[in-house]
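[1] With the input below, show me the fold.
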Amino acid sequence: MRIQFLGSGAGTDTPHRAGSSILLTGGGESVLLDCGPRAYDRLVMAGVSPASISRIFLSHLHPDHVLGLASFVQAMTFPYGHLPLEIQGPPGTAAYARQAVGTAALVTGMPGRGWGEPLEVPVVEIPPGDVREAGPFTVRTEQVPHAPNLVCEARRFEAEGKAVVYSGDTTEAAEVMVPLAEGAAALIHECYSLAGIARWTAAFDERRAAAVRRAFEQTHAEVAYVARVAKEAGAKLLVLTHLNPGERADELLDTARAHYSGPVVIASDGLSLAV
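    Alright, predicted model coming up:
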């Protein structure tokens with residue numbers, strides 16, 4: 001399988017990092033894992049046709065993971081004429097997709113049809129604990145804790161005798177992530193460090209800086225914990241992503257390697273890995 005990062009940033013203005021989106025190719029099929037802001041732009045830069053993508057899997061409905069959906073659908077309708085495209089995600093995905101697809105329909109249309117005509121995109125809402133076939137992939141979905149009033153899902157994709165696991169966003173949930181990532185060829189996991197947050201927020205006033213730090217501590221995963229999950233799961237490769245503007249690759253690597261002896265990669269937009 002091949003993993004290509006279209007966007008590796010957190011939900012903020014991070015230079016050189018678009019919102020979360022990953023192109024996963026296996027068994028002759030390509031899918032998107034999340035569709036954050038600028039995902040379509042990154043596809044164009046990588047020379048990948050959106051028409052080659054059969055499904056989009058959404059981990060949850062926060063903006064940095066889904067705001068690229070309307071522009072992606074618009075690009076697929078004209079000039080490609082490639083609808084329908086299946087979208088899979090947690091509860092609430094159908095309502096969000098209707099809005100995103102409706103926005104795209106206002107400004108485009110299928111070739112040979114008028115602009116503004118309704119566009120229909122199949123949506124499947126996936127409950128936690130689900131296991132199903134999606135083209136060449138066997139996909140296992142588990143719920144992970146992230147933010148109130150929102151279901152966030154981590155997934156394991158198996159094809160070609162290998163597994164790739166993607167966490168979306170999550171706080172510490174080793175009881176879920178370790179079994180999900182057991183023996184995976186690659187564990188792709190968001191992370192943060194307190195040092196990175198301190199650098200990022202150094203110019204903020206004290207109240208704002210404290211709010212940002214508290215938000216990450218309550219809704220995201222610190223890098224040492226992520227590395228321990230990779231170790232306990234026996235993952236063959238750990239890829240750290242969803243990085244905020246203050247993170248430094250050398251610090252993240254040093255911390256991760258103190259807890260996990262396997263290879264560690266810091267994601268960047270355009271990075272392509274074969275597993």
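
[2] I'd say V264 and A256 touch.
    Yes: if you go by C-beta atoms under 8 Å, V264 and A256 touch, sitting 4.6 Å apart. Using the backbone N, CA and C atoms, a C-beta is placed for each residue, glycine as well.

[3] where do the contact lists of the two overlap?
    Counting by C-beta atoms under 8 Å, 6 or more residues apart in numbering, the residues touching both V264 and A256 are 227, 238, 240.

[4] Okay, and which of those map to helices?
    Cross-referencing those against helices under DSSP state H gives A227.

[5] can you list the shared contacts of V264 and A256 in TSV and add neighbour count and distance to I3?
    As requested, these are exported to TSV (neighbours: other C-beta atoms under 10 Å; distance: C-beta to C-beta, whole Å):
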residue	neighbour count	distance to I3
A227	26	19
L238	28	12
L240	28	13
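
[6] which among the shared contacts of V264 and A256 gets closest to T14?
    L240 (13.9 Å; C-beta to C-beta).

[7] What residue, apart from its backbone neighbours, is nearest that closest one spatially?
    Spatial nearest neighbour of L240, chain neighbours left out: C191 (4.9 Å); criterion: C-beta to C-beta, 6 or more residues apart in numbering.

[8] between the shared contacts of V264 and A256, which is closest to E160?
    Closest to E160, out of all of the shared contacts of V264 and A256 and judged by C-beta to C-beta, is L238, at 20.1 Å.

[9] Please report the distance of the residue lying closest to that closest one once chain neighbours are set aside from S268.
    In this structure, L238 finds its nearest non-sequential neighbour in A230, 4.2 Å apart by C-beta to C-beta, 6+ apart. Here the criterion is C-beta to C-beta, to the nearest Å. By it, A230 lies 19 Å from S268.

[10] okay, these two: which has more neighbours?
    A230 (30 against 14; other C-beta atoms under 10 Å).

[11] quick one: buried residues of the helix or strand hosting the more buried one?
    According to DSSP states H and E, A230 maps onto helix 223-233. By neighbour count with 16 or more other C-beta atoms under 10 Å, helix 223-233 contains the buried residues 223, 225-233.

[12] can you count the residues close to Y166?
    By other C-beta under 10 Å, the residues close to Y166 number 27.

[13] and it, what does it touch?
    22, 33, 59, 154-155, 157, 188-189 are the contacts of Y166 under C-beta under 8 Å, 6+ apart.

[14] What ranges in the stretch 101-250 of the chain fall below the confidence cut-off?
    Where the stretch 101-250 of the chain drops to pLDDT under 70, the residues are 109-118.

[15] In it, mark out all the strands, start to finish.
    Using DSSP state E, counting those that start in this stretch, the strands assigned to the stretch 101-250 of the chain run over residues 123-125, 131-134, 137-144, 152-159, 162-166, 186-190, 238-241.

[16] Starting from the fifth one, tell me which strands it pairs with and how they run.
    So that's strand 162-166. Applying DSSP bridges to the sheet, strand 162-166 is found paired with strand 152-159 (antiparallel), strand 186-190 (parallel).

[17] and stretch 231-246, how far apart are its ends?
    Using C-alpha to C-alpha, to the nearest Å, the end-to-end distance of stretch 231-246 comes to 26 Å.

[18] What of stretch 45-59?
    End-to-end distance of stretch 45-59: 24 Å, with C-alpha to C-alpha as the criterion.

[19] can you check stretch 138-155 too?
    End-to-end distance for stretch 138-155, by C-alpha to C-alpha: 10 Å.

[20] in that stretch, what counts as buried?
    Within stretch 138-155, the residues that count as buried by 16+ other C-beta under 10 Å are 139-144, 146-147, 151-155.

[21] between those residues, which is closest to I3?
    Nearest to I3 among those is R155, at 13.3 Å by C-beta to C-beta.

[22] I figured that closest one hits T138, correct?
    No: R155 is beyond contact range of T138, at 10.6 Å (criterion: C-beta under 8 Å).

[23] didn't the residue nearest to L240 look like it was pressed against L243?
    Yes: shown here, C191 and L243 form a contact pair, counting by C-beta under 8 Å, at 7.5 Å.

[24] so what's in contact with the two at the same time?
    Common neighbours of C191 and L243 are listed as L252 (criterion: C-beta under 8 Å, 6+ apart).

[25] Between the two, tell me which one has more neighbours.
    Neighbours per residue, other C-beta under 10 Å: of C191 and L243, the larger number sits with C191, 29 against 24.
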